[in-house]
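Visitor: Here is my input, please return the structure:
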Amino acid sequence: MGATFEDAARNHAVRLVASGTLPPTTLVDEWWTTRGQPAQVDVLGLAPDHRTVAIGEAKWQQRPLGNHELDELAAKLRSVPDPVPQPTFLLYGRGGARPEMLSERVLGFDIGAMLDI
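Guide: Residues are numbered from 1 along each chain as shown. Coordinates of the predicted model:
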């Protein structure tokens, strides 16, 4: 179910671009690297100048995503193309993300929210 959920998260991120939540020229896909510290990023948003403007994690788990997942995602910023100073973090979980973590720069989505946009 993990790969399907990751695809759904990327599709949702594309709709976030269309709705204006993410910059209108953002290209959304996944990202892997084996250079340096290997990393896999489920959702990566790139600007036309190839700078990372959004980075996301998708986990098929009922427990809301928390600081652990956000810290892992922040660590992956070292592996992605030229991140902007304040990228948007996208947390996708079957149970969403812990509400106290959410802000203008940290967005969390459960399945219901993914289907609403």
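
Visitor: And for the helix or strand of the chain with the lowest mean pLDDT, what's in contact with it?
Guide: When the helices and strands of the chain are scored by mean pLDDT, DSSP states H and E, helix 111-116 comes last with a mean of 88. Helix 111-116 has contacts (Cβ atoms under 8 Å, 6 or more residues apart in numbering) with Ala8, Ala9, His12, Tyr92, Arg94, Gly96. To be clear about C-beta, it is placed using only N, CA and C from the backbone, and glycine gets the same treatment.

Visitor: Check stretch 20-27 too.
Guide: Counting by Cβ under 8 Å, 6+ apart, Ala13, Leu16, Val17, Val28, Gly45, Leu46, Ala47, Pro48, Val53, Ala54, Thr88, Leu107 sit against stretch 20-27.

Visitor: Need the phi and psi values for the fourth one.
Guide: It stands for Val28. With angles defined as degrees, to the nearest 10, Val28 sits at phi -110, psi 130.

Visitor: Check the gap between it and Val106 for me.
Guide: 17 Å (Cβ to Cβ, to the nearest Å).

Visitor: just the first one next, same as before
Guide: Noted for Ala13: a distance of 14 Å to Val106, by Cβ to Cβ.

Visitor: Right, I'll leave it there.
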